[in-house]
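Asker: got a predicted structure here, sequence first:
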2 protein chains.
Amino acid sequence: MPTRGEDTRARIVTASAALFARQGYHGTGLSELLDAVGLGKGGLYHHIASKEQLLLEIMLEPIDRVLASSDRILAADTDATTKLRALGDDLGQAMAADLSAWTVFLREYSALGQDGKTQVLGRRQAYLDRWRRVLIDGAASGEFRPIDLAFVESILGLFIYTFVWARDDTPAQELTNSIMGVLMHGICTPTRSA
Amino acid sequence: MPTRGEDTRARIVTASAALFARQGYHGTGLSELLDAVGLGKGGLYHHIASKEQLLLEIMLEPIDRVLASSDRILAADTDATTKLRALGDDLGQAMAADLSAWTVFLREYSALGQDGKTQVLGRRQAYLDRWRRVLIDGAASGEFRPIDLAFVESILGLFIYTFVWARDDTPAQELTNSIMGVLMHGICTPTRSA
DNA sequence: CGTACCGGACCGACCGGTCGGTTGGTAGTG
DNA sequence: CACTACCAACCGACCGGTCGGTCCGGTACG
């Protein structure tokens, strides 16, 4: 029973994300993909358009996920401090759930074609805009110190890099706490940060 | 006059760092290197042992630089707060000075052989130990809140990712200030952070 | 029977690396 | 000084292998 339908496609995406994360996109040959998925070339190319399109798909999936959940967080009727915390927790959780894809997201941007770069860049900007908004709102309400907004660019790196390099035995929640601990203290006004 | 001596070798390292940063290690062919350096294959391989050894050299150079300067900073007779600030400034300066090599450092770890991975990992650990030490000393002297030491793993990512993704027109000092601003507030005890 | 699915022979381009050979500058010798 | 010996620097044809991708002939399920 050769697992029909979308099932196969999901297997392809998962397996190649793992391979790309471990060996890099250009460092992973078709033949390795084939072995990992258990298909021949024809079978693989029945499901995907090209190796590069596959890479793009891998990179868009995780960023789209946090993009969606960040919208939900922003929409809630809570103060900026709570939202900031939620944004961080959500990001940590997303990375732990799909570390391979995030690793690829961190490392393989340059392997994308011009088209893919534009798309990824757009999503990235959109996501960082969510953080920016919370930072601005929090500063306006007095919850946060006036933060240099350039710092927002750093947040993604702060998370991705940490998760990618963490020993696998460290629980995701612990990493997130460690990061958010410094972040909250660094951003909130002294009276609130205690 | 065909530029003799070590000169050529330096040109090779610089040029390939730039190429690897832009297109990735596996994404850069020998022929592109050849064009960039202005050599034939034989000429190139007269100077280097292999493409991979070249990659290792590119990645070791920047980390060795900050490793050395961090030793000087640690040796100084100053308080932990000053050292932390100095560590950050030095790192930012190093990255701005050699952004291509740092970009490769961020992205191409997986392209290294087992041997190279070990070397890079060792340097990375050694460098992070410098930060760890300052954090511990500062906590002991009461300058810093007791920080989760796992956070140290995040610091490199905080810097590299920011510098690699920054629009080129942002001055390095500004990026460093933005990062260190949050970092110092996040780490120092409230009475000192104001 | 149609059609979704798949294997594998096959393609040209390009990969990193080797090798035999040329060249131009320099040091040694009488 | 002339002459030789030597060698770092360099070239580019060439190597076997692998790359991503195409295509065609099945096969088996609905």
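Answerer: Yep, that arrived. Residues are numbered from 1 along each chain as shown, chains lettered A, B, ... in the order given.
Asker: right, is the helix or strand hosting residue A:163 up against chain B?
Answerer: Per DSSP states H and E, residue A:163 falls inside helix A:152-165. Yes - part of helix A:152-165 sits near chain B under the criterion C-beta under 8 Å from any C-beta of the partner chain, namely A:153, A:154, A:156, A:157, A:158, A:159, A:160, A:161, A:162, A:165. C-beta coordinates here come from the backbone N, C-alpha and C atoms, glycine included.
Asker: now tell me what touches that helix from outside.
Answerer: Contacting residues not belonging to helix A:152-165 are listed as A:88, A:91-92, A:95-96, A:99, A:102-103, A:105-106, A:124, A:127-128, A:131-132, A:135, A:172, A:175, A:178-179, A:183, B:106, B:153-154, B:156-158, B:160-162, B:165-166, B:178-179, B:182 [C-beta atoms under 8 Å, 6 or more residues apart in numbering or on different chains].
Asker: can you pull out the helices in chain A?
Answerer: For chain A, the helices defined by DSSP state H occupy A:6-23, A:30-37, A:41-47, A:51-75, A:80-97, A:99-107, A:114-140, A:152-165, A:172-187, A:190-193.
Asker: neighbours around the residue of chain A found nearest DNA strand D, how many?
Answerer: Taking C-beta to the nearest atom of the strand as the measure, the point where chain A comes nearest DNA strand D is residue A:29, at 2.3 Å. Here the number of neighbours of residue A:29 (other C-beta atoms under 10 Å in any protein chain shown) works out to 12.
Asker: and it, how close does it get to DNA strand C?
Answerer: Here residue A:29 is placed at a distance of 11 Å from DNA strand C (C-beta to the nearest atom of the strand, to the nearest Å).
Asker: residue A:101 too?
Answerer: 22 Å.
Asker: could you do residue A:50 as well?
Answerer: The separation that residue A:50 has from DNA strand C, given C-beta to the nearest atom of the strand, amounts to 13 Å.
Asker: what does residue A:114 give?
Answerer: Separation of residue A:114 from DNA strand C (C-beta to the nearest atom of the strand) stands at 18 Å.
Asker: could you chop chain A up by domain?
Answerer: Segmentation of chain A into domains, based on automatic domain parsing, reads A:1-48, A:57-193.
Asker: ok, of those, where does mean pLDDT dip lowest?
Answerer: Taking the average pLDDT of each of the domains of chain A, the minimum falls on domain A:1-48, with a mean of 86.
Asker: angles on the backbone of residue A:112, please.
Answerer: When read as degrees, to the nearest 10, the backbone of residue A:112 gives phi -70, psi 150.
Asker: and it, how many neighbours does it have?
Answerer: 18.
Asker: I figured it was touching residue A:120, is that so?
Answerer: Yes - counting by C-beta atoms under 8 Å, residue A:112 sits close enough to residue A:120 to count as a contact (6.4 Å).
Asker: in PDB, list the C-alpha atoms belonging to stretch A:155-173.
Answerer: Listed next in PDB are the C-alpha coordinates belonging to stretch A:155-173 (Å, rounded to 0.1, in the frame of the first residue of the first chain):
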ATOM      1  CA  ILE A 155      14.500  39.200  17.800                       C
ATOM      2  CA  LEU A 156      14.200  36.600  15.100                       C
ATOM      3  CA  GLY A 157      17.900  35.900  15.300                       C
ATOM      4  CA  LEU A 158      17.700  35.700  19.100                       C
ATOM      5  CA  PHE A 159      15.200  32.900  18.900                       C
ATOM      6  CA  ILE A 160      16.200  30.900  15.800                       C
ATOM      7  CA  TYR A 161      19.900  30.900  16.500                       C
ATOM      8  CA  THR A 162      19.300  29.700  20.100                       C
ATOM      9  CA  PHE A 163      16.900  27.000  19.100                       C
ATOM     10  CA  VAL A 164      19.100  25.700  16.300                       C
ATOM     11  CA  TRP A 165      22.200  25.600  18.400                       C
ATOM     12  CA  ALA A 166      20.600  24.300  21.600                       C
ATOM     13  CA  ARG A 167      21.500  20.900  22.800                       C
ATOM     14  CA  ASP A 168      18.500  18.800  21.900                       C
ATOM     15  CA  ASP A 169      18.000  17.800  25.500                       C
ATOM     16  CA  THR A 170      17.000  21.300  26.600                       C
ATOM     17  CA  PRO A 171      13.200  21.700  26.800                       C
ATOM     18  CA  ALA A 172      11.800  24.400  24.500                       C
ATOM     19  CA  GLN A 173      10.000  26.100  27.300                       C
END
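Asker: mind listing what's buried in it?
Answerer: Using 16 or more other C-beta atoms under 10 Å in any protein chain shown as the test for burial, stretch A:155-173 gives A:155-166, A:172.
Asker: go on, stretch A:106-119?
Answerer: The neighbour-count check on stretch A:106-119 (16+ other C-beta under 10 Å) flags A:106, A:107, A:108, A:109, A:110, A:111, A:112, A:116, A:119 as buried.
Asker: that one near DNA strand D anywhere?
Answerer: No - judged by C-beta under 7 Å from any atom of the strand, stretch A:106-119 stays clear of DNA strand D, getting no closer than 9.8 Å.
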